[in-house]
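Visitor: Predicted coordinates and the sequence they were generated for:
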Amino acid sequence: MKSSSLACITLAVASIASSFVFACSSSSSSNQPDSGPSSGSSGGSGSSSGSGSSSGSSGSSSGGASDSGGGGDASGATTTIAAARMGNVTTSIAVAAVVTAVQGPSGDEVNYYIEDPAGGPYSGIVVYCDPLLTTCPAGPRAGNPSVGDLVLITGAISTYKGQAQIEPTAYELLSSGNALPAPVTVQGSDVAAAGTSAQYRGVLVKLSETLNVTNLTPTALYDTQCSTDGGMGQCTGCAPPTYSGFQATDSASNVIYVEQYLFPGDPLQSSPECVTMAGQVAVTQGETFPFMEGILDYDGYAMAQFMAPRGPSDY
């Protein structure tokens, strides 16, 4: 589907959302969600919900009966991600959204990020789908969707350790090769580790500031993807990395965590056991990046926000 088609879809979905009456109620998921609202500004499963994998520009096409050929109808959407998150909706919704980043297949589940075609604050969210559970539809269990896929996702929004997520009960591939929403321009304070920018979490963002690497192995990012408290329980062979990322600062001294949440698609590595692996690019102390683009989200084990670049073009 071309960009012009996406525009039509966006208008149609937005029209649906404008007339939708939101109701807030409690929900549950296989990932033991928090009881707080999905747009809350603290807590989150961040990098704990699975080890990273394929980059923002790759990922295998999903399989299964519900997404066999694409060409579906986006009119099945009942709202937008942004409207549901801002309205703290916890009942089941259906959204037509573009895949912006893909994680997996290593780890105990397949995660990927989706975003409203129009982009903007609150417009993105991670799709949590544990392939070991039969509650997930066939598509996400069979394999990762590709970045640029327009998908129709049905499910309820919840939080796990503060990270907003949607666990799908139905999945349909509508089309592939779509343009991604433009990244939201943010400031260093918006993406700082100690920040509370709920409106940008799950969203593709861009920080147009120079970052200086100040710590290759920050204590807060040790073992966050392998924590026994809901994590995979093992960090061996760089699958996933023992240190989930590195620390950098901007000109205003904001501390920013850059995590390899989408490892190995993003080759940047700072964890000692990973830097010499084939295909990986070692980050060095004092190295500078002229900008940083990627997904902003929350790591509930580090209790901090992080940025997750999808590949070399993001920095």
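Guide: Received the coordinates, thanks.
Visitor: so how far is I125 from Y261?
Guide: Note on Y261: its distance to I125, by C-beta to C-beta, to the nearest Å, is 15 Å. (Each C-beta comes from the backbone N, C-alpha and C, glycine too.)
Visitor: can you check T79 too?
Guide: Distance from T79 to I125, by C-beta to C-beta: 12 Å.
Visitor: One more: Y257?
Guide: For Y257, the distance to I125 - C-beta to C-beta - is 20 Å.
Visitor: next one: D314
Guide: Distance from D314 to I125, by C-beta to C-beta: 19 Å.
Visitor: more neighbours, those two?
Guide: I125 (28 against 25; other C-beta atoms under 10 Å).
Visitor: need the contact list for the closest residue to that one other than its chain neighbours.
Guide: Nearest residue to I125, sequence neighbours excluded (C-beta to C-beta, 6 or more residues apart in numbering): G202, at 4.4 Å. Applying C-beta atoms under 8 Å, 6 or more residues apart in numbering to G202 gives the contacts 81, 113, 115, 124-126, 164, 295-297.
Visitor: Stretch 305-312 - what's its average pLDDT?
Guide: For stretch 305-312, the mean pLDDT works out to 95.
Visitor: Sketch out the low-pLDDT regions of the stretch 101-250 of the chain for me.
Guide: For the stretch 101-250 of the chain, the stretches with pLDDT under 70 are 104-110, 131-134, 139-143, 224-237, 239.
Visitor: the strands in it, which residues?
Guide: Secondary structure of the stretch 101-250 of the chain by DSSP state E, counting those that start in this stretch: the strands cover 110-115, 124-129, 150-160, 163-175, 184-186, 204-207, 211-215, 245-249.
Visitor: Including distance to L268, could those strands go into TSV?
Guide: Formatted as TSV, these follow (distance: least, C-beta to C-beta, whole Å):
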stretch	distance to L268
strand 110-115	18
strand 124-129	20
strand 150-160	26
strand 163-175	22
strand 184-186	19
strand 204-207	15
strand 211-215	10
strand 245-249	8
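Visitor: Ok, which of the ones you listed comes nearest A194?
Guide: Closest approach to A194 among the strands of the stretch 101-250 of the chain is made by strand 245-249 (11.9 Å; C-beta to C-beta).
Visitor: Identify all contacting residues around that closest one.
Guide: Taking C-beta under 8 Å, 6+ apart as the rule, strand 245-249 contacts 47, 193, 211-218, 221, 255-261, 268, 270, 283, 289, 292, 306.
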